[in-house]
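*Asks:* Please work out how this folds:
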Amino acid sequence: MFASITALASATSKRVNLGHRMWMPNMPMVLLHAEHATESTPAKAVFRVVPKMTKHEVKEFLTKIYGLPVVHVRTQNYLGKRMKIMGRTTIVYAKRPDFKKAFVTFDNSLADAGIGSFVPGMGPKNKRGEE
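*Replies:* The predicted model follows:
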């Protein structure tokens, strides 16, 4: 009886070879705001990220995947909005998910932050309706 239990325990505790594991980014980053570089200030961008994402991960994500020259990253944690939904007979309390904002400063070599590019045929219209 004891031999079968130890054999069963050793069979289940063996490590399974999963092959070569590669880190793939599964943390979404949403660009909220971007500022172009000027002569006195570098380009900056604000991203909405997952709360468990750290400053180092934000920098590595932008540097390795997109090839952006990141100099500095600041983060702020936000609590989700709490709501009270009142029905006829019941009151339901709800909460939006928490999130984090990452404020990224780029190197002076990056002049265009990627927002505000001109698309032909989609330009701003003046008072006469012309582009």
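*Asks:* Which residues are in contact with the nearest residue to residue 81 once chain neighbours are set aside?
*Replies:* Nearest in space to residue 81, with sequence neighbours left out and distances taken as C-beta to C-beta, 6 or more residues apart in numbering, is residue 96 at 4.7 Å. Glycine gets a C-beta too; all of them are placed from N, C-alpha and C. Residues near residue 96 by C-beta atoms under 8 Å, 6 or more residues apart in numbering: 80, 81, 82, 83.
*Asks:* again, but for residue 51
*Replies:* 77, 98, 99, 100.
*Asks:* What about the second one, how many residues nearby?
*Replies:* Spelled out, that is residue 98. 11 (other C-beta atoms under 10 Å).
*Asks:* ok, back up a step: how far away is the residue nearest to residue 81 from residue 60?
*Replies:* Counting by C-beta to C-beta, to the nearest Å, the gap from residue 96 to residue 60 is 28 Å.
*Asks:* what do you get for residue 38?
*Replies:* Going from residue 38 to residue 60 by C-beta to C-beta gives 27 Å.
*Asks:* Show me which of the two is the more surrounded one.
*Replies:* Neighbours per residue, other C-beta under 10 Å: of residue 38 and residue 60, the larger number sits with residue 60, 14 against 9.
*Asks:* Can you pull the phi/psi pair for that one?
*Replies:* phi -60, psi -40 (degrees, to the nearest 10).
*Asks:* check contacts around it.
*Replies:* With C-beta under 8 Å, 6+ apart, residue 60 has no contacts at all.
*Asks:* ditto for residue 106
*Replies:* Taking C-beta under 8 Å, 6+ apart, one finds 37, 42, 43, 44, 45, 68, 69, 70, 71, 113 in contact with residue 106.
*Asks:* can I get the residues you listed in a markdown table with secondary structure and pLDDT?
*Replies:* Output for those, formatted as a markdown table (DSSP: H, G, I helix; E, B strand; the rest coil; pLDDT from 0 to 100):
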| residue | secondary structure | pLDDT |
| --- | --- | --- |
| 37 | coil | 81 |
| 42 | coil | 89 |
| 43 | coil | 88 |
| 44 | strand | 91 |
| 45 | strand | 92 |
| 68 | coil | 87 |
| 69 | coil | 90 |
| 70 | strand | 92 |
| 71 | strand | 93 |
| 113 | coil | 61 |
